[in-house]
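> Give me a model of this one.
(one chain, ligands or ions: 2)
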Amino acid sequence: MKALLLIDIQNDFIPGGSLAVPEGDLIIPVANQLQPHFDLVVATQDWHPPDHKSFASNHAGKINFEKIDLHGLEQVLWPDHCVQGSRGADFSDALNLNKVEAIFRKGTDREIDSYSGFFDNGHRKTTALADYLLGKQISQVYIMGLAGDFCVYYTAKDALQLEFQTFLVEDGIRSINPAEFEKAKADVLNRGGQVVQSHSLV
Ligand code: VGL
Ligand code: ZN
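Ligands and ions are numbered 1, 2, ... in the order given. I've put the predicted structure just below:
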């Protein structure tokens, strides 16, 4: 059985949002077209409390995109984004959610960031996404969404480590830094993942 994972297709990651990914809006038609072709569709939602420590605004004297050490992990400091209950945290109105059976929220613990849909960045706590997929007999995961160089990449690495057959849907992904996504793609391929285009799935 195959699942489509829709990663963080939220207003703050779309042009006009506080952490906008260039062309982030262009993946929405891809997400809408692909959904009927999967056994299961799930979405992740970045869902931070206002005092989350991934926000530069919560560190005196720090600026956006600066890197710090946060409890032993390298942390990029982001503009405030996807604050719980805010408009920016909502899924894009253009995204069809009818086929989404479950939503996994992440980044809820103020002390640690969570790029992957499966675990926080320290692999300390799980979101239960893996158990959910296994319970639904899913062996193949197709991953798309935002941002390619962060949450999509980390989700794919964890999916591979969990031994799901893992596919990046390339035209359904946009990145904060496209050059970084090229490296991420190479790493995913190296770990046994595959890269596909959405037209091959419909
Ligand atoms: C993301 C940075 C911070 C993402 C989330 O969804 O890729 N990036 N929080
Ligand atoms: Zn975030």
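
> Quick check: longest helix in this structure by residues?
When the chain is parsed with DSSP state H, its longest helix is helix 178-190.

> For it, name the packing helices and strands.
Contacting helix 178-190 under the criterion 3 or more Cβ pairs under 8 Å, 6 or more residues apart in numbering; DSSP states H and E are the following elements: helix 153-161, strand 165-173, strand 194-196. Just so you know, the C-beta spots here come from the backbone N, C-alpha and C atoms, and that holds for glycine as well.

> Can I get it as PDB, trimmed to CA atoms?
Extracted in PDB, the C-alpha atoms of helix 178-190 (Å, rounded to 0.1, in the frame of the first residue of the first chain):
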ATOM      1  CA  PRO A 178      17.400  25.100  -4.100                       C
ATOM      2  CA  ALA A 179      21.100  24.300  -4.100                       C
ATOM      3  CA  GLU A 180      20.700  22.700  -0.700                       C
ATOM      4  CA  PHE A 181      17.800  20.600  -2.100                       C
ATOM      5  CA  GLU A 182      20.100  19.300  -4.800                       C
ATOM      6  CA  LYS A 183      22.400  18.000  -2.000                       C
ATOM      7  CA  ALA A 184      19.400  16.600  -0.100                       C
ATOM      8  CA  LYS A 185      18.200  14.800  -3.200                       C
ATOM      9  CA  ALA A 186      21.700  13.200  -3.700                       C
ATOM     10  CA  ASP A 187      21.700  12.100  -0.100                       C
ATOM     11  CA  VAL A 188      18.200  10.600  -0.300                       C
ATOM     12  CA  LEU A 189      19.300   8.700  -3.500                       C
ATOM     13  CA  ASN A 190      22.400   7.600  -1.700                       C
END
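
> what angle separates that helix from strand 165-173?
160 degrees (axes from the mean of the first three to the mean of the last three Cα atoms, to 10 degrees).

> quick one: helix 178-190 near ligand 1?
No. Residues of helix 178-190 are not located near ligand 1 by Cβ under 6 Å from any ligand atom, the shortest gap being 10.8 Å.

> now that helix against helix 153-161, angle please.
Using the same axes, to 10 degrees: helix 178-190 against helix 153-161 is 0 degrees.

> What lies in contact with helix 178-190?
Applying Cβ atoms under 8 Å, 6 or more residues apart in numbering, the contact partners of helix 178-190 are 22, 148-149, 152-153, 156-157, 160, 166, 168, 170, 173, 175, 195.

> The residue in the chain positioned nearest to ligand 2 and residue 103, how far apart?
Using Cβ to the ion, the closest approach of the chain to ligand 2 is made by residue 46 at 4.2 Å. Applying Cβ to Cβ, to the nearest Å, one obtains 11 Å for the distance of residue 46 from residue 103.

> Pull up the per-residue confidence for the residue lying closest to residue 90 once chain neighbours are set aside.
Spatially, and ignoring its direct neighbours in sequence, residue 90 is nearest to residue 11 (5.5 Å; Cβ to Cβ, 6 or more residues apart in numbering). pLDDT recorded at residue 11 is 98.
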